[in-house]
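Trainee: Return atomic coordinates for the entry below.
(chains A and B)
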Amino acid sequence: MATVLKAGARFKSAVCDTQVMVIKAPPGEHTLQCGGTDVIAPAATGGGTLDAALSGETLIGKRYVNADESVELLCTKGGQGTLVLNGTAMEVKQAKQLPSSD
Amino acid sequence: MNIATILDMAAEAFGERIGLVCGGERLSYAELRQRAWNAAAAIKASGARYVALLDVTSPAAPVALFAAAYAGVPYVPLNYRLTKAEINELVARVAPAYLVTSADYAKLVEAHPGVTLVDRAVFMALPDISGEPPIPGDDPREVAVQLFTSGTTGKPKAAILRHENLSSYIFGTVEFAAAEEDDAIVVTVPPYHIAGISAVLSSTYACRRMVQLDGFEAGAWLAACREHHVSNAFLVPTMLQRVVEHLDHRGEAPGLPKLRALAYGGGKMPLSVIQRAMALLPHVDFTNAYGLTETSSTIAVLGPEDHRAAAASSDPAVRRRLGSVGKPGAVEIEIRDDEGRVLGPEEAGLVFVRGPQVSGEYLSLGSQLDAEGWFPTKDRGYLDAEGYLFLDGRSDDVIVRGGENISPGEVEDVLLGHAAIADVAVVAMPDEQWGEGVAAAVVLKPGAAADVAELQAWVKAKLRSSRVPQKIVFKTALPYNETGKVLRRVIRQEFA
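Mentor: Just a heads-up that it's a prediction; the model follows:
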């Protein structure tokens, strides 16, 4: 199911513990899945089973992007499922970590 | 992008880890979040539109910051060093407010309709919420923090930092859970300073334990670093100078084997101080962080390798970088002249910054960003050929004394209230210890008399001691331009 990804919005996986927050996304509809099933609203009740082929794990604190980095999600809770946006698995974005300044 | 997510993640990943130490008090991330949830419920029940804090650094500061985010209202830490009148003016501007304070400061607050005073101890001992934890709002444009700045003229401006500004800064520059279990950062900056806010957010996101000190004294700071095996620290230049002097004066070894990283910022660092600090602490990584309230903290950093390369180089162009604030972090920086033309390397002008962490916005004044999203920092400076930024003073006249911004107008108003004074201009003067000091040029009324000590005592009785002019000269008249503006740069030359 297509959904609009607005910065600040949160979603969770229906089939694992994964939770994400949208950092940025272009306007328009996207299909965001985790573990093979569409993500759901944080307060919604999940169901279904994790697709073993899409259980590459999503890690807390990592940022996930699509190929052109126009969509960026932050994993706020880790889980077994793989994040898939519009049919393509998302990649971990390499952080530009600065020397600790505060 | 709600900043409460930062605490949620730390509590989720490392709930049992001690996140905060203050005196004998220790709180894990799970406990910190529980206090913030409890406080958020009380804040919501109070109907307040702001959560204010009038107090020194304590665990109540991070709890109030995150509680405000869970409750969906801005957090406004107030400067407890202001005079009673100034404090009450700010309190009136944030009503209806839930104001967390302690006995020392509660007595300064007059009764305001809609202001609920809550003692810090009560705030930290609120009953656990029953039912579901609060769900933080998901609108990134909501205001997370409001900080009152010291403006050049009259009333302090209320700088607005939205959730998207602060979270962009944190998510863009800090690696989640980057800290080791036994890492610790000592936090000495006051809660009302942007560095105090960013210290809480970055430390929590890195899952690095904060050791809070409610004031700064070099000996106590060193003792706290040793006792808590502190690995990271942030100091304003004046504080680092005190630490260096303390060690040199006593001839004692630093005794800080665990200290790995020391960041400094908030004012100009004298070269002699950073050179001496690097010599005393050769194993420590030094970082110069340049930032503003309106940019959610750090926008440029001179990193540890830059420090070492500059200190070791025989090339003057590399050596002088020890006096630079480094390269842009997660933002773009450009230098423009007074007509708005973008300048090239080595050309001094006004510093502009652009990026998601830049708010550049004040309550009632609105956004100060230009059409392309650039914010005028009002700092002057230039970039070298490799993009290192060198600062060259403020384009306006704020005096930055030891990291504290002093508005000349505030001191001038007080001096003009003295019966003998006809005219006055207050300007910055170079000061080895504080970076800048306060100086005044005074014109006496015909036939009136006053001496320097008398005028210094007059200011001290009405303002904080940091506002007292350290040098006062008497003039027959002040220089003005044709539109009636006093020529501060001419007066500044008197004290150079």
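Trainee: How about the secondary structure of residue B:279?
Mentor: What DSSP: H, G, I helix; E, B strand; the rest coil gives for residue B:279 is helix.
Trainee: Least confident secondary structure element in chain A?
Mentor: strand A:3-4 (a mean of 92; mean pLDDT, DSSP states H and E).
Trainee: Listing partners with orientation, what would you give for it?
Mentor: Its sheet considered, strand A:3-4 pairs with strand A:29-30 (antiparallel) by DSSP bridges.
Trainee: now what about the partner strand, what contacts it?
Mentor: Around strand A:29-30, the neighbours that count as contacts under CB atoms under 8 Å, 6 or more residues apart in numbering or on different chains are A:2-5, A:71, A:85-86. Backbone N, C-alpha and C define where each C-beta goes, glycine included.
Trainee: So which bits of chain A are right by chain B?
Mentor: When proximity is defined as CB under 8 Å from any CB of the partner chain, chain A approaches chain B at A:6-10, A:21, A:23, A:42-43, A:60-63, A:74, A:76-78, A:95-102.
Trainee: follow-up on the earlier one: outside of the least confident helix or strand of chain A, which residues touch it?
Mentor: Identification of contacts with strand A:3-4 by CB under 8 Å, 6+ apart yields A:11, A:27-32, A:38-39.
Trainee: Just the buried subset of the residues you listed, please.
Mentor: The neighbour-count test (16 or more other CB atoms under 10 Å in any protein chain shown) marks A:11, A:32, A:38-39 as buried among the contacts of strand A:3-4.
Trainee: Nearest to chain B among the residues you listed?
Mentor: Nearest to chain B out of the buried ones among the contacts of strand A:3-4 is residue A:11 (CB to the nearest CB; 10.4 Å).
Trainee: Can you classify the closest one as helix, strand or coil?
Mentor: Three-state call for residue A:11 (three-state DSSP): strand.
Trainee: my guess is it contacts residue A:25, does it?
Mentor: No - using CB atoms under 8 Å, residue A:11 is not in contact with residue A:25, being 11.4 Å away.
Trainee: Considering the contacts of strand A:29-30, which possesses the most neighbours?
Mentor: residue A:5 (22 neighbours; other CB atoms under 10 Å in any protein chain shown).
Trainee: distance of that one from chain B?
Mentor: Taking CB to the nearest CB, to the nearest Å as the measure, residue A:5 falls 12 Å from chain B.
Trainee: Spatially nearest residue to that residue, not counting backbone neighbours?
Mentor: Nearest non-adjacent residue to residue A:5, counting by CB to CB, 6 or more residues apart in numbering or on different chains: residue A:25, 3.7 Å away.
Trainee: For that neighbour, grab the count of nearby residues.
Mentor: Counted with other CB under 10 Å, residues neighbouring residue A:25 total 19.
Trainee: Likewise for residue B:249?
Mentor: Residue B:249: 9 surrounding residues under other CB under 10 Å.
Trainee: I'd guess residue B:63 is in a strand, am I close?
Mentor: No - counting by three-state DSSP, residue B:63 falls outside a strand, being helix.
Trainee: my guess is it contacts residue B:39, does it?
Mentor: Yes - counting by CB under 8 Å, residue B:63 touches residue B:39, with 5.7 Å between them.
Trainee: Identify the contacts common to those two.
Mentor: In the contact map built from CB under 8 Å, 6+ apart, the residues linked to both residue B:63 and residue B:39 are residue B:123.
Trainee: Between those two, tell me which one has more neighbours.
Mentor: Each of residue B:63 and residue B:39 has its neighbours counted (other CB under 10 Å); residue B:63 has more, 31 against 26.
Trainee: Next, give phi and psi for residue 9.
Mentor: You didn't pick a chain, so chain A it is. Main-chain dihedrals, residue A:9, degrees, to the nearest 10: phi -70, psi 150.
Trainee: tell me the SS of the residue of chain A found nearest chain B?
Mentor: Relative to chain B, the nearest point of chain A is residue A:61 (2.5 Å; CB to the nearest CB). Secondary structure assignment for residue A:61 (three-state DSSP): coil.
Trainee: Do you know the pLDDT at the closest residue to chain A within the stretch 51-200 of chain B?
Mentor: For the stretch 51-200 of chain B, the residue closest to chain A is residue B:176, as judged by CB to the nearest CB, at 2.5 Å. The model reports residue B:176 with a pLDDT of 96.
Trainee: show me where chain A has helices.
Mentor: Secondary structure of chain A (DSSP state H): no helices present.
Trainee: go on, the stretch 301-450 of chain B?
Mentor: B:304-312, B:316-319, B:408-416 (DSSP state H, counting those that start in this stretch).
Trainee: Is the nearest residue to residue B:392 once chain neighbours are set aside bridged to anything, and to what?
Mentor: The shortest distance from residue B:392 to any non-neighbouring residue, by CB to CB, 6+ apart, is to residue B:380 (4.3 Å). Listed beta-bridge partners, residue B:380: residue B:350 (assigned using DSSP bridges).
Trainee: From chain A, how far out is residue B:380?
Mentor: 22 Å.
Trainee: Leaving out sequence neighbours, find the closest residue to the residue nearest to the spatial centre of chain B.
Mentor: Nearest residue to the geometric centre of chain B (CA atoms, centre = their mean): residue B:193, 3.4 Å. Distance criterion CB to CB, 6+ apart; nearest residue to residue B:193, sequence neighbours excluded, is residue B:266 at 7.5 Å.
Trainee: how much space between that neighbour and chain A?
Mentor: The gap separating residue B:266 from chain A is 10 Å, by CB to the nearest CB.
Trainee: Find the residue ranges of chain A scoring beneath the pLDDT cut-off.
Mentor: Within chain A, the segments meeting pLDDT under 70 span A:95-97.
Trainee: Now with 90, please.
Mentor: Judged by pLDDT under 90, chain A has its weakly predicted residues at A:1-2, A:94-102.
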